[in-house]
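Peer 1: prediction below, plus the sequence it came from.
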Amino acid sequence: MLKSFFFCNFVASKLNKKKQTIKNLDDVQVNRQKSMKKILILATLLAFTCNVSFASMYKMDNDAVDAIFADAVEMTSVSSATSSLLGGLGANAEFNNPNPWAAWAICWVVGPLGIHRHYLGTKGNMWAIYTFTCCGIFGIVPMVDFWVLFIAAIKDDISKYTNNDSFFMW
């Protein structure tokens, strides 16, 4: 009986030590959270103070700004030289001969949105069709477009993909 009493006291003391250790860990976590809050508040105050202190160094001269706008030349359209450099992009661009590598690059960057199809001369709501079909049937259609345009760009002939209004341009 004495052995069981000592064993129970031993087990109880171990459990109390574990409870105390868990309590200490909880206290450490609470202290870390308080420290992080203090650091966040100090960083915010420091950033705000820096912004306020440097803002007074800059002054706006409204007369100079008005003079700049008065001397400016208004641009209303893209010149033909700039349009040819952009491969057909621009306000007055004709989509009868778009650059194949530009179409491929646009497909690579924003293919799931269908913007490469607009560059190729497709009707205006193709972006909505690509969007509502979860980026062209979960990206499958833009991926096929990507490879089809890549092969066509190598051959330097994308004429069958220009002004193509079907969902599957291939």
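Peer 2: Okay, I see it. Quantities reported herein were computed from a predicted structural model and do not represent experimental measurements.

Peer 1: tell me the helix or strand right after the worst-scoring helix or strand of the chain on mean pLDDT.
Peer 2: For the chain, using mean pLDDT, DSSP states H and E, the weakest element among its helices and strands is helix 80-85, scoring a mean of 49. Sequence order places helix 100-110 as the next helix or strand after helix 80-85, per DSSP states H and E.

Peer 1: where in this protein is pLDDT low?
Peer 2: 1-26, 28, 50-57, 76-96 (pLDDT under 70).

Peer 1: and it, split by domain according to the record?
Peer 2: 1-74, 94-161 (automatic domain parsing).

Peer 1: would you mind measuring from W170 to G136?
Peer 2: Distance check for W170 against G136: by C-beta to C-beta, to the nearest Å, it reads 12 Å. Backbone N, C-alpha and C define where each C-beta goes, glycine included.

Peer 1: nope, K37 is what I meant
Peer 2: For K37 relative to G136 (C-beta to C-beta), the value is 46 Å.

Peer 1: and L46, how many neighbours does it have?
Peer 2: For L46, the count of nearby residues is 10 (other C-beta atoms under 10 Å).

Peer 1: for the one 3 residues further on, same thing?
Peer 2: Neighbourhood size, T49 [other C-beta under 10 Å]: 10.

Peer 1: so it is in which element?
Peer 2: Here T49 is assigned to helix 2-55, by DSSP H and E.

Peer 1: related to what we said a few turns ago, more neighbours, W170 and G136?
Peer 2: G136 (24 against 13).

Peer 1: who touches Y161 in this structure?
Peer 2: Going by C-beta atoms under 8 Å, 6 or more residues apart in numbering, Y161 touches 103, 120, 148-149, 152, 169-170.

Peer 1: report the buried members of those residues.
Peer 2: With neighbours counted using 16 or more other C-beta atoms under 10 Å, the contacts of Y161 contain these buried positions: 103, 120, 148-149, 152, 169.

Peer 1: what's the closest of these to D61?
Peer 2: Set against D61, the nearest of those by C-beta to C-beta is A103 (46.0 Å).

Peer 1: please report the distance of the closest one from D71.
Peer 2: Computed with C-beta to C-beta, the distance linking A103 and D71 is 39 Å.

Peer 1: one step back: anything in contact with each of W170 and G136?
Peer 2: D145.

Peer 1: helix or strand for G136, which one?
Peer 2: helix 134-138.

Peer 1: which residues does the next helix or strand after that helix contact?
Peer 2: Where DSSP H and E defines the elements, the next helix or strand beyond helix 134-138 is helix 140-155. For helix 140-155, contacts defined as C-beta under 8 Å, 6+ apart pick out 100-101, 103-104, 107-108, 111-112, 114, 116-117, 130, 133, 135-136, 158, 161, 167-170.
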